[in-house]
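Peer 1: Everything below, folded, please.
(one chain, ligands or ions: 1)
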Amino acid sequence: MPFSVEKIRADFPVLNQKVHGKPLVYLDNAATTQKPVQVINRLSDYYRNENSNVHRGVHLLSQKATEDYEQARTAIANYINAAESKEIIFTRGTTESVNLLATVLEEWVQPGDVILVSAMEHHSNLVPWQQLCRRRSAELKIIPVDSKGILDLEFLKKSLNPQVKLVAVNHISNVLGTINPVKEIVGLAHDAGVPVLIDGAQALAHTKVDVQEIGADFYAFSGHKVYAPMGIGVLYGRQTWMRRLPPYQYGGEMIDRVSFDEVTFNELPYKYEAGTPNVGGVLALETALQYVQKLGIEQIRKHEDLLLEKATNQLLQVEGMKIIGKAPDKTAVLSFLVDGVHPYDLGTLLDQMGVAVRTGYHCAEPLIKQMGLSGTVRASFALYNSEEEVDVFTDAVKKAVNMLR
Ligand code: PMP
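Peer 2: Next up, the predicted model:
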(Lines give C-alpha, C1' and ligand atoms only; values in the text may rest on other atoms or scores of the structure.)
Protein backbone atom coordinates (compact mmCIF):
# COMPACT_ATOMS: atom_id res chain seq x y z
CA MET A 1 0.00 0.00 0.00
CA PRO A 2 1.49 3.40 -0.94
CA PHE A 3 2.27 5.59 2.04
CA SER A 4 0.18 8.73 1.68
CA VAL A 5 0.22 10.96 4.76
CA GLU A 6 -2.69 12.94 3.38
CA LYS A 7 -4.81 9.82 3.07
CA ILE A 8 -3.71 8.54 6.47
CA ARG A 9 -4.61 11.86 8.13
CA ALA A 10 -8.17 11.55 6.88
CA ASP A 11 -8.48 8.47 9.14
CA PHE A 12 -7.69 10.51 12.28
CA PRO A 13 -10.58 12.87 13.06
CA VAL A 14 -8.88 14.54 16.03
CA LEU A 15 -6.12 15.95 13.82
CA ASN A 16 -8.58 18.02 11.86
CA GLN A 17 -9.04 20.87 14.33
CA LYS A 18 -7.64 24.19 15.37
CA VAL A 19 -6.16 25.00 18.77
CA HIS A 20 -5.79 28.64 19.76
CA GLY A 21 -7.01 29.42 16.25
CA LYS A 22 -4.13 27.53 14.59
CA PRO A 23 -4.22 24.12 12.87
CA LEU A 24 -3.25 21.47 15.40
CA VAL A 25 0.25 20.01 14.95
CA TYR A 26 0.23 17.04 17.29
CA LEU A 27 3.78 16.10 18.29
CA ASP A 28 3.11 14.43 21.65
CA ASN A 29 2.85 10.93 20.26
CA ALA A 30 5.22 9.38 22.77
CA ALA A 31 2.68 10.33 25.46
CA THR A 32 -0.23 8.92 23.50
CA THR A 33 -1.12 8.44 19.85
CA GLN A 34 -4.36 9.52 18.19
CA LYS A 35 -6.88 6.90 17.06
CA PRO A 36 -8.01 6.16 13.51
CA VAL A 37 -11.74 5.87 12.73
CA GLN A 38 -11.26 2.13 12.24
CA VAL A 39 -10.28 1.80 15.93
CA ILE A 40 -12.97 4.21 17.15
CA ASN A 41 -15.59 2.32 15.13
CA ARG A 42 -14.47 -1.06 16.43
CA LEU A 43 -14.85 0.13 20.01
CA SER A 44 -18.18 1.75 19.28
CA ASP A 45 -19.45 -1.31 17.35
CA TYR A 46 -18.66 -3.51 20.29
CA TYR A 47 -20.72 -1.36 22.65
CA ARG A 48 -23.49 -0.83 20.10
CA ASN A 49 -23.91 -4.40 18.97
CA GLU A 50 -21.99 -6.95 20.99
CA ASN A 51 -21.49 -5.78 24.57
CA SER A 52 -21.51 -8.84 26.77
CA ASN A 53 -19.27 -10.46 29.34
CA VAL A 54 -16.82 -13.07 28.15
CA HIS A 55 -16.29 -16.71 29.17
CA ARG A 56 -19.52 -16.80 31.19
CA GLY A 57 -22.69 -16.73 29.20
CA VAL A 58 -24.52 -19.48 27.39
CA HIS A 59 -26.30 -16.79 25.37
CA LEU A 60 -25.36 -15.74 21.88
CA LEU A 61 -23.93 -12.28 22.61
CA SER A 62 -21.61 -13.62 25.27
CA GLN A 63 -20.47 -16.39 22.97
CA LYS A 64 -19.79 -13.89 20.19
CA ALA A 65 -17.88 -11.56 22.56
CA THR A 66 -15.84 -14.51 23.85
CA GLU A 67 -15.04 -15.69 20.35
CA ASP A 68 -13.95 -12.23 19.22
CA TYR A 69 -11.94 -11.65 22.39
CA GLU A 70 -10.02 -14.91 22.03
CA GLN A 71 -9.58 -14.41 18.31
CA ALA A 72 -8.08 -10.96 19.05
CA ARG A 73 -5.69 -12.57 21.54
CA THR A 74 -4.51 -14.93 18.81
CA ALA A 75 -4.12 -12.06 16.32
CA ILE A 76 -2.11 -10.02 18.86
CA ALA A 77 0.04 -13.07 19.68
CA ASN A 78 0.72 -13.53 15.96
CA TYR A 79 1.51 -9.85 15.56
CA ILE A 80 4.37 -10.02 18.07
CA ASN A 81 5.14 -13.61 17.09
CA ALA A 82 4.46 -15.15 20.50
CA ALA A 83 4.74 -18.93 20.36
CA GLU A 84 1.24 -19.33 21.84
CA SER A 85 -1.73 -17.05 22.44
CA LYS A 86 -1.82 -18.08 26.12
CA GLU A 87 1.39 -16.07 26.51
CA ILE A 88 -0.62 -12.87 25.93
CA ILE A 89 -2.01 -11.51 29.20
CA PHE A 90 -4.26 -8.47 28.90
CA THR A 91 -3.60 -5.63 31.34
CA ARG A 92 -4.43 -1.93 31.54
CA GLY A 93 -1.08 -1.03 29.99
CA THR A 94 2.67 -1.15 30.40
CA THR A 95 2.53 0.16 33.97
CA GLU A 96 0.17 -2.59 35.07
CA SER A 97 2.15 -5.21 33.14
CA VAL A 98 5.34 -4.28 34.98
CA ASN A 99 3.58 -4.11 38.35
CA LEU A 100 2.00 -7.50 37.71
CA LEU A 101 5.42 -8.98 37.09
CA ALA A 102 7.02 -7.19 40.05
CA THR A 103 4.29 -8.66 42.27
CA VAL A 104 4.50 -12.25 41.08
CA LEU A 105 8.33 -12.27 41.12
CA GLU A 106 8.33 -11.41 44.85
CA GLU A 107 9.51 -14.85 45.97
CA TRP A 108 11.98 -15.13 43.09
CA VAL A 109 13.99 -12.27 44.61
CA GLN A 110 15.81 -13.04 47.84
CA PRO A 111 17.76 -10.79 50.24
CA GLY A 112 21.11 -9.87 48.67
CA ASP A 113 19.92 -10.51 45.10
CA VAL A 114 20.26 -7.91 42.36
CA ILE A 115 17.86 -6.45 39.79
CA LEU A 116 19.42 -4.58 36.88
CA VAL A 117 17.58 -1.73 35.18
CA SER A 118 18.93 0.98 32.91
CA ALA A 119 19.36 4.66 33.70
CA MET A 120 16.96 5.50 30.84
CA GLU A 121 13.91 3.73 32.26
CA HIS A 122 10.50 5.33 32.49
CA HIS A 123 9.32 5.48 36.12
CA SER A 124 6.99 2.59 35.23
CA ASN A 125 9.94 0.27 34.69
CA LEU A 126 11.97 1.65 37.58
CA VAL A 127 9.82 2.28 40.64
CA PRO A 128 8.16 -1.19 40.73
CA TRP A 129 11.67 -2.77 40.78
CA GLN A 130 13.03 -0.24 43.26
CA GLN A 131 10.14 -1.05 45.61
CA LEU A 132 10.46 -4.81 45.11
CA CYS A 133 14.17 -4.53 45.98
CA ARG A 134 13.26 -2.55 49.08
CA ARG A 135 10.68 -5.13 50.19
CA ARG A 136 13.10 -8.03 49.60
CA SER A 137 16.31 -6.34 50.83
CA ALA A 138 17.72 -6.76 47.35
CA GLU A 139 19.88 -4.34 45.39
CA LEU A 140 18.75 -2.27 42.40
CA LYS A 141 21.71 -1.70 40.08
CA ILE A 142 21.60 0.88 37.32
CA ILE A 143 23.12 0.25 33.88
CA PRO A 144 24.61 3.62 32.90
CA VAL A 145 23.79 5.58 29.76
CA ASP A 146 26.47 7.67 28.04
CA SER A 147 26.13 11.30 26.94
CA LYS A 148 24.82 10.24 23.52
CA GLY A 149 22.11 8.10 25.06
CA ILE A 150 23.70 4.69 24.53
CA LEU A 151 23.51 1.93 27.14
CA ASP A 152 26.78 0.72 28.68
CA LEU A 153 26.73 -2.94 27.66
CA GLU A 154 30.19 -3.53 29.17
CA PHE A 155 28.73 -2.60 32.56
CA LEU A 156 25.87 -5.01 31.94
CA LYS A 157 28.30 -7.81 31.03
CA LYS A 158 30.39 -7.20 34.13
CA SER A 159 27.34 -7.05 36.38
CA LEU A 160 25.74 -10.31 35.30
CA ASN A 161 26.19 -13.09 37.83
CA PRO A 162 23.99 -15.70 39.54
CA GLN A 163 22.77 -13.16 42.09
CA VAL A 164 21.09 -11.11 39.37
CA LYS A 165 17.42 -12.10 39.23
CA LEU A 166 16.16 -9.88 36.42
CA VAL A 167 17.28 -7.41 33.76
CA ALA A 168 14.56 -4.85 32.93
CA VAL A 169 15.19 -2.38 30.10
CA ASN A 170 13.15 -0.49 27.56
CA HIS A 171 13.13 -1.27 23.87
CA ILE A 172 12.93 2.41 22.86
CA SER A 173 13.54 5.32 25.25
CA ASN A 174 10.69 7.82 25.52
CA VAL A 175 13.19 10.59 26.36
CA LEU A 176 16.14 9.89 24.05
CA GLY A 177 14.57 7.89 21.24
CA THR A 178 17.39 5.35 21.59
CA ILE A 179 16.55 1.93 20.18
CA ASN A 180 18.26 -0.45 22.56
CA PRO A 181 19.91 -3.63 21.25
CA VAL A 182 17.37 -5.78 23.06
CA LYS A 183 18.28 -9.04 21.33
CA GLU A 184 21.91 -8.62 22.36
CA ILE A 185 20.91 -7.67 25.92
CA VAL A 186 18.72 -10.77 26.19
CA GLY A 187 21.57 -12.92 24.80
CA LEU A 188 24.02 -11.61 27.39
CA ALA A 189 21.55 -12.04 30.25
CA HIS A 190 20.51 -15.52 29.16
CA ASP A 191 24.16 -16.61 28.91
CA ALA A 192 24.31 -15.80 32.61
CA GLY A 193 20.97 -17.52 33.30
CA VAL A 194 19.15 -14.24 34.01
CA PRO A 195 15.59 -13.54 32.74
CA VAL A 196 14.77 -10.30 30.92
CA LEU A 197 11.77 -7.96 30.79
CA ILE A 198 11.56 -5.56 27.86
CA ASP A 199 9.40 -2.45 28.27
CA GLY A 200 8.06 -2.06 24.76
CA ALA A 201 5.75 0.92 25.43
CA GLN A 202 7.47 3.04 22.77
CA ALA A 203 8.37 0.24 20.40
CA LEU A 204 5.23 -1.13 18.77
CA ALA A 205 4.35 2.05 16.89
CA HIS A 206 7.82 2.40 15.38
CA THR A 207 9.52 -0.94 14.92
CA LYS A 208 8.89 -4.61 14.31
CA VAL A 209 8.50 -6.55 17.53
CA ASP A 210 9.16 -10.29 17.37
CA VAL A 211 9.30 -11.61 20.91
CA GLN A 212 10.76 -14.95 19.89
CA GLU A 213 13.52 -13.32 17.89
CA ILE A 214 14.30 -10.91 20.74
CA GLY A 215 14.15 -13.88 23.08
CA ALA A 216 12.81 -11.91 26.06
CA ASP A 217 11.08 -13.77 28.86
CA PHE A 218 8.63 -10.90 29.34
CA TYR A 219 7.58 -8.03 27.08
CA ALA A 220 5.18 -5.24 28.12
CA PHE A 221 3.32 -2.68 26.03
CA SER A 222 0.37 -0.24 26.02
CA GLY A 223 -2.32 -0.09 23.36
CA HIS A 224 -2.76 3.68 23.49
CA LYS A 225 0.78 4.26 22.22
CA VAL A 226 0.07 2.24 19.09
CA TYR A 227 -3.22 3.84 17.96
CA ALA A 228 -5.47 1.74 20.23
CA PRO A 229 -7.60 3.04 23.13
CA MET A 230 -6.32 3.83 26.60
CA GLY A 231 -6.77 1.23 29.32
CA ILE A 232 -5.62 -1.81 27.36
CA GLY A 233 -2.15 -3.33 27.27
CA VAL A 234 -0.28 -6.59 27.21
CA LEU A 235 2.16 -8.55 29.27
CA TYR A 236 3.74 -11.21 27.10
CA GLY A 237 5.12 -13.85 29.45
CA ARG A 238 6.77 -17.08 28.40
CA GLN A 239 4.55 -19.87 29.59
CA THR A 240 7.45 -21.70 31.22
CA TRP A 241 7.59 -18.71 33.58
CA MET A 242 3.95 -17.78 33.92
CA ARG A 243 2.85 -21.35 34.59
CA ARG A 244 5.00 -21.57 37.73
CA LEU A 245 4.61 -18.01 39.03
CA PRO A 246 1.76 -17.27 41.48
CA PRO A 247 -1.41 -15.31 40.54
CA TYR A 248 -1.49 -11.52 40.62
CA GLN A 249 -5.07 -10.65 41.55
CA TYR A 250 -7.73 -12.99 42.90
CA GLY A 251 -11.40 -13.23 41.96
CA GLY A 252 -13.59 -14.39 39.10
CA GLU A 253 -12.20 -15.84 35.89
CA MET A 254 -8.78 -16.70 37.35
CA ILE A 255 -10.10 -19.68 39.30
CA ASP A 256 -10.72 -23.29 38.38
CA ARG A 257 -12.57 -24.69 41.43
CA VAL A 258 -13.47 -22.83 44.64
CA SER A 259 -14.66 -24.00 48.04
CA PHE A 260 -14.90 -21.93 51.22
CA ASP A 261 -11.52 -23.30 52.26
CA GLU A 262 -9.63 -23.82 49.05
CA VAL A 263 -9.14 -22.80 45.48
CA THR A 264 -7.41 -24.10 42.38
CA PHE A 265 -6.37 -21.62 39.75
CA ASN A 266 -7.32 -21.43 36.09
CA GLU A 267 -4.89 -22.18 33.29
CA LEU A 268 -2.94 -19.54 31.36
CA PRO A 269 -3.67 -16.82 30.46
CA TYR A 270 -6.84 -16.64 32.62
CA LYS A 271 -4.85 -17.16 35.81
CA TYR A 272 -3.64 -13.57 35.28
CA GLU A 273 -6.92 -12.05 34.14
CA ALA A 274 -9.06 -11.79 37.28
CA GLY A 275 -12.38 -9.99 36.84
CA THR A 276 -14.12 -8.62 33.78
CA PRO A 277 -11.57 -7.67 31.14
CA ASN A 278 -11.58 -4.66 28.80
CA VAL A 279 -13.15 -6.58 25.92
CA GLY A 280 -13.80 -3.53 23.74
CA GLY A 281 -10.21 -2.39 24.28
CA VAL A 282 -8.84 -5.78 23.22
CA LEU A 283 -10.91 -5.79 20.02
CA ALA A 284 -9.85 -2.23 19.24
CA LEU A 285 -6.20 -3.12 19.91
CA GLU A 286 -6.46 -5.88 17.34
CA THR A 287 -7.87 -3.32 14.86
CA ALA A 288 -5.08 -0.83 15.65
CA LEU A 289 -2.40 -3.45 14.97
CA GLN A 290 -4.15 -4.39 11.72
CA TYR A 291 -4.03 -0.71 10.77
CA VAL A 292 -0.27 -0.56 11.39
CA GLN A 293 0.28 -3.86 9.60
CA LYS A 294 -1.62 -2.68 6.53
CA LEU A 295 0.61 0.37 6.20
CA GLY A 296 3.70 -1.71 6.98
CA ILE A 297 5.93 -1.01 9.97
CA GLU A 298 9.03 -0.63 7.76
CA GLN A 299 7.31 2.10 5.72
CA ILE A 300 6.13 3.82 8.90
CA ARG A 301 9.65 3.72 10.33
CA LYS A 302 11.10 5.14 7.11
CA HIS A 303 8.61 7.99 7.13
CA GLU A 304 9.18 8.80 10.82
CA ASP A 305 12.96 8.65 10.43
CA LEU A 306 12.67 11.17 7.61
CA LEU A 307 10.64 13.49 9.85
CA LEU A 308 13.14 13.04 12.68
CA GLU A 309 16.10 13.85 10.44
CA LYS A 310 14.41 16.86 8.90
CA ALA A 311 13.29 18.22 12.28
CA THR A 312 16.74 17.65 13.79
CA ASN A 313 18.54 19.44 10.95
CA GLN A 314 16.13 22.37 11.06
CA LEU A 315 16.30 22.72 14.85
CA LEU A 316 20.10 22.73 14.72
CA GLN A 317 19.89 26.04 12.83
CA VAL A 318 18.74 27.64 16.10
CA GLU A 319 21.59 29.16 18.07
CA GLY A 320 22.19 27.42 21.39
CA MET A 321 20.21 24.32 20.35
CA LYS A 322 21.11 21.16 22.23
CA ILE A 323 19.70 17.82 21.11
CA ILE A 324 19.35 15.37 24.00
CA GLY A 325 19.82 11.82 22.71
CA LYS A 326 22.18 11.22 19.82
CA ALA A 327 22.32 7.47 19.61
CA PRO A 328 22.92 6.29 16.03
CA ASP A 329 20.02 3.89 16.39
CA LYS A 330 17.22 6.28 17.25
CA THR A 331 13.64 6.90 16.20
CA ALA A 332 10.63 9.22 16.40
CA VAL A 333 11.59 11.11 19.58
CA LEU A 334 13.34 14.49 19.55
CA SER A 335 14.27 15.93 22.95
CA PHE A 336 15.97 19.29 22.98
CA LEU A 337 16.92 22.39 24.93
CA VAL A 338 17.85 25.90 23.92
CA ASP A 339 20.41 27.87 25.91
CA GLY A 340 18.78 30.52 28.04
CA VAL A 341 15.25 29.30 27.34
CA HIS A 342 13.17 27.42 29.89
CA PRO A 343 11.56 24.29 28.35
CA TYR A 344 8.20 25.05 29.94
CA ASP A 345 8.10 28.58 28.46
CA LEU A 346 9.01 27.22 25.05
CA GLY A 347 6.34 24.49 25.28
CA THR A 348 3.71 27.05 26.29
CA LEU A 349 4.51 29.33 23.36
CA LEU A 350 4.51 26.38 20.95
CA ASP A 351 1.05 25.46 22.20
CA GLN A 352 -0.12 29.01 21.45
CA MET A 353 1.09 28.42 17.90
CA GLY A 354 -0.87 25.18 17.62
CA VAL A 355 2.07 22.83 18.21
CA ALA A 356 1.57 20.21 20.95
CA VAL A 357 4.81 19.01 22.54
CA ARG A 358 5.72 17.74 25.97
CA THR A 359 8.05 19.44 28.44
CA GLY A 360 9.62 18.30 31.69
CA TYR A 361 11.07 15.04 32.97
CA HIS A 362 8.96 12.75 30.74
CA CYS A 363 8.56 10.34 33.69
CA ALA A 364 12.31 9.72 33.71
CA GLU A 365 13.39 12.12 36.45
CA PRO A 366 16.60 10.30 37.47
CA LEU A 367 17.89 10.26 33.87
CA ILE A 368 17.18 13.96 33.29
CA LYS A 369 18.74 14.90 36.63
CA GLN A 370 21.78 12.72 35.98
CA MET A 371 22.29 14.67 32.76
CA GLY A 372 22.34 17.83 34.87
CA LEU A 373 19.09 19.09 33.36
CA SER A 374 15.78 20.18 34.82
CA GLY A 375 13.74 19.00 31.84
CA THR A 376 13.61 19.01 28.05
CA VAL A 377 11.16 19.85 25.30
CA ARG A 378 10.12 16.70 23.46
CA ALA A 379 8.59 16.45 20.03
CA SER A 380 7.60 12.91 19.09
CA PHE A 381 6.40 11.75 15.70
CA ALA A 382 3.78 9.34 14.44
CA LEU A 383 2.76 7.89 11.09
CA TYR A 384 0.30 10.75 10.42
CA ASN A 385 2.76 13.62 10.90
CA SER A 386 3.76 15.41 7.71
CA GLU A 387 6.86 17.20 6.49
CA GLU A 388 4.80 20.42 6.43
CA GLU A 389 4.11 19.93 10.12
CA VAL A 390 7.84 19.62 10.76
CA ASP A 391 8.27 23.00 9.04
CA VAL A 392 5.49 24.56 11.14
CA PHE A 393 7.08 23.09 14.27
CA THR A 394 10.63 24.23 13.60
CA ASP A 395 9.48 27.70 12.47
CA ALA A 396 7.44 27.95 15.67
CA VAL A 397 10.51 27.00 17.74
CA LYS A 398 12.58 29.69 16.00
CA LYS A 399 9.87 32.28 16.56
CA ALA A 400 9.35 31.30 20.21
CA VAL A 401 13.08 31.33 20.96
CA ASN A 402 13.36 34.85 19.51
CA MET A 403 10.47 35.98 21.67
CA LEU A 404 11.90 34.41 24.82
CA ARG A 405 15.45 35.65 24.38
N1 PMP B 1 7.54 2.87 29.52
C2 PMP B 1 7.82 3.79 28.59
C3 PMP B 1 9.13 3.73 27.86
C4 PMP B 1 6.88 4.79 28.32
O5 PMP B 1 7.15 5.70 27.39
C6 PMP B 1 5.65 4.80 29.02
C7 PMP B 1 4.60 5.87 28.78
N8 PMP B 1 5.13 7.16 28.59
C9 PMP B 1 5.40 3.80 29.96
C10 PMP B 1 6.38 2.85 30.19
C11 PMP B 1 4.13 3.73 30.72
O12 PMP B 1 3.07 3.42 29.88
P13 PMP B 1 1.56 3.51 30.39
O14 PMP B 1 1.40 4.87 30.99
O15 PMP B 1 0.77 3.35 29.14
O16 PMP B 1 1.35 2.42 31.36
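Peer 1: Flag the shaky bits of the stretch 51-200 of the chain, pLDDT-wise.
Peer 2: Along the stretch 51-200 of the chain, no part satisfies pLDDT under 70.
Peer 1: can you give me the strands in it?
Peer 2: Under the criterion DSSP state E, counting those that start in this stretch, the stretch 51-200 of the chain contains strands at 88-91, 114-118, 139-143, 164-170, 196-199.
Peer 1: Packing partners of the first one?
Peer 2: Spelled out, it's strand 88-91. Packing partners of strand 88-91 (3 or more C-beta pairs under 8 Å, 6 or more residues apart in numbering; DSSP states H and E): helix 60-79, helix 94-104, strand 233-237. Quick note: C-beta positions are derived from backbone N, CA and C, even for glycine.
Peer 1: between the longest one and strand 233-237, how many degrees?
Peer 2: Angle of helix 60-79 versus strand 233-237, following axes from the mean of the first three to the mean of the last three C-alpha atoms, to 10 degrees, is 60 degrees.
Peer 1: Can you tell me the SS state at the residue nearest to the spatial centre of the chain?
Peer 2: With distances taken as C-alpha atoms, centre = their mean, A201 lies nearest the centre of the chain, 0.8 Å away. Assigned by DSSP: H, G, I helix; E, B strand; the rest coil, the conformation of A201 is coil.
Peer 1: K326 contacts V145, correct?
Peer 2: No. Contact criterion C-beta atoms under 8 Å: K326 and V145 do not qualify, at 11.6 Å.
Peer 1: Format the strands of the stretch 51-200 of the chain as CSV; extra columns: distance to the ligand.
Peer 2: Output for the strands of the stretch 51-200 of the chain, formatted as CSV (distance: least, C-beta to the nearest ligand atom, whole Å):
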stretch, distance to the ligand
strand 88-91, 9
strand 114-118, 11
strand 139-143, 15
strand 164-170, 5
strand 196-199, 5
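Peer 1: most packed of those strands?
Peer 2: Comparing those by mean neighbour count (mean count of other C-beta atoms under 10 Å), strand 196-199 ranks first with a mean of 27.
Peer 1: Mind listing residues that contact it?
Peer 2: For strand 196-199, the surrounding residues in contact (C-beta atoms under 8 Å, 6 or more residues apart in numbering) are 94, 98, 101, 121-122, 124-125, 166-171, 182, 185-186, 189-190, 214-221.
Peer 1: Quick check: the gap between the closest residue to K22 other than its chain neighbours and the ligand.
Peer 2: Excluding the flanking residues, the one nearest K22 by C-beta to C-beta, 6 or more residues apart in numbering is G354, at 3.0 Å. Noted for G354: a distance of 23 Å to the ligand, by C-beta to the nearest ligand atom, to the nearest Å.
Peer 1: ditto for A274
Peer 2: Counting by C-beta to the nearest ligand atom, the separation of A274 from the ligand is 19 Å.
Peer 1: can you give me phi and psi for that residue?
Peer 2: Dihedral angles of A274 (phi, psi; degrees, to the nearest 10) stand at phi -70, psi 140.
Peer 1: Can you give me the neighbour number for it?
Peer 2: A274 has 18 neighbours, counted by other C-beta atoms under 10 Å.
Peer 1: pLDDT score assigned to it?
Peer 2: For A274, the model assigns a pLDDT of 97.
Peer 1: check contacts around it.
Peer 2: Shown in contact with A274 (C-beta under 8 Å, 6+ apart): P247, Y248, Q249, Y250, G251, G252, E253, M254.
Peer 1: hmm, try it at 6 Å
Peer 2: Shown in contact with A274 (C-beta atoms under 6 Å, 6 or more residues apart in numbering): Q249, Y250, G251, E253, M254.
Peer 1: Neighbour-wise, give me the winner out of the residues you listed.
Peer 2: Neighbour max across the contacts of A274 (other C-beta under 10 Å) = M254, 20 neighbours.
Peer 1: I'd like the distance from that residue to R92, if you could.
Peer 2: 16 Å (C-beta to C-beta, to the nearest Å).
Peer 1: For the stretch 251-400 of the chain, which residues score under the pLDDT cut-off?
Peer 2: The stretch 251-400 of the chain contains no residues with pLDDT under 70.
Peer 1: Relative to the ligand, which residue of it is the closest?
Peer 2: C363 (5.6 Å; C-beta to the nearest ligand atom).
Peer 1: Now for that residue, how many residues are close by?
Peer 2: Using other C-beta under 10 Å, C363 has 19 neighbouring residues.
Peer 1: One more: K398?
Peer 2: Neighbour count for K398, taken as other C-beta under 10 Å: 17.
Peer 1: Start the count at 120 instead of 1 going forward.
Peer 2: With 120 as the first residue, the last one maps to K517.
Peer 1: ok, back up a step: between K445 and V264, which one's more packed in?
Peer 2: Between K445 and V264, counting by other C-beta under 10 Å, V264 is the more crowded of the two (25 against 15).
Peer 1: quick one, phi psi at K445?
Peer 2: In terms of degrees, to the nearest 10, the main-chain angles of K445 are phi -130, psi 30.
Peer 1: Give me the nearest residue to it, chain neighbours excluded.
Peer 2: In space, and not counting its chain neighbours, K445 is closest to K267: 4.5 Å by C-beta to C-beta, 6+ apart.
Peer 1: Tell me how far that neighbour lies from E186.
Peer 2: Distance of K267 to E186, given as C-beta to C-beta: 49 Å.
Peer 1: Next up, the contacts around Q190.
Peer 2: With contact set as C-beta under 6 Å, 6+ apart, Q190 has no partners.
Peer 1: same thing with A501?
Peer 2: By C-beta under 6 Å, 6+ apart, the residues touching A501 are N148, T152.
Peer 1: Enumerate the residues of the stretch 270-419 of the chain near the ligand.
Peer 2: Counting by C-beta under 6 Å from any ligand atom, the residues of the stretch 270-419 of the chain close to the ligand are N289, N293, D318, A320, Q321, S341.
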